[in-house]
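1. quick one, what's the 3D model for this:
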Amino acid sequence: MDIGKQIRSLRVRRGVTQEAMAQRLGVSPQAVSKWERGAAAPDIAMLPELSAYLGVSIDELFSLADDTRMERIQNMLRDTRTLSAAVSPPSGSGWKGAEGYRFARKGRRALPASRHIGDFPGER
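-> This is a model prediction of the structure:
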C-alpha cells in the first residue's frame with residue numbers, strides 16, 4: 001500500500017475529515033487530498049506529527065513489513081554498540097561511567113578545530 005492510501009485509510013478509521021486533519025496539521029485540505037490521491041507526499045518534517053495524529057508509528061505510516069522493521073532495529077542496535085565501543089576508555093584502565101565519558105570528551109578536545117571525523121588518513 002502506498003503512503004497516500006495508508007493516510008486515507010488511517011484518517012477514515014479515525015473518523016475525521018480531510019478538513020479537520022488539515023486544520024490540525026496546519027496544511028490546506030487540498031494538500032491532504034493530494035497526499036491521499038498520490039499526487040503529492042507530506043513533507044518529511046511533518047511525518048512525526050502526522051503519524052502521531054493518526055496514532056501509528058512512522059513505520060506503520062509507510063506500511064513497512066515486519067522483516068523490514070526488525071532489520072532497522074538490528075541496524076540501530078549495531079550502530080549503538082559501535083558507538084559505545086568507540087567512546088569507551090581503554091580496557092584495564094579502571095575507568096567507569098562518567099570517567100569514560102570524560103575520556104571521550106578529552107579526546108574530542110584534543111583534535112584541532114579544523115579536523116572532523118573522517119579526516120584521518122585511514123578513514124578516507
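
2. where along the protein do the helices fall?
-> 3-14, 18-25, 29-37, 47-54, 58-61, 66-87, 98-110 (DSSP state H).

3. could you dump the ones you listed to TSV with mean neighbour count?
-> Just so you know, the C-beta spots here come from the backbone N, C-alpha and C atoms, and that holds for glycine as well. Formatted as TSV, the helices of the chain follow (neighbours: other Cβ atoms under 10 Å):
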stretch	mean neighbour count
helix 3-14	16
helix 18-25	16
helix 29-37	18
helix 47-54	16
helix 58-61	15
helix 66-87	10
helix 98-110	11
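
4. okay, now the domains of this structure?
-> Following automatic domain parsing, the chain resolves into domains at 3-61, 66-110.

5. just send those domains back as a markdown table, with mean pLDDT too.
-> Shown next, in a markdown table, are the domains of the chain (pLDDT from 0 to 100):
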| stretch | mean pLDDT |
| --- | --- |
| domain 3-61 | 94 |
| domain 66-110 | 64 |
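
6. and for residue 27, the neighbour number?
-> 18 (other Cβ atoms under 10 Å).

7. how about the contacts made by it?
-> Residue 27 is in contact with residue 46, counting by Cβ atoms under 8 Å, 6 or more residues apart in numbering.

8. for it, give its distance to residue 39.
-> 14 Å (Cβ to Cβ, to the nearest Å).
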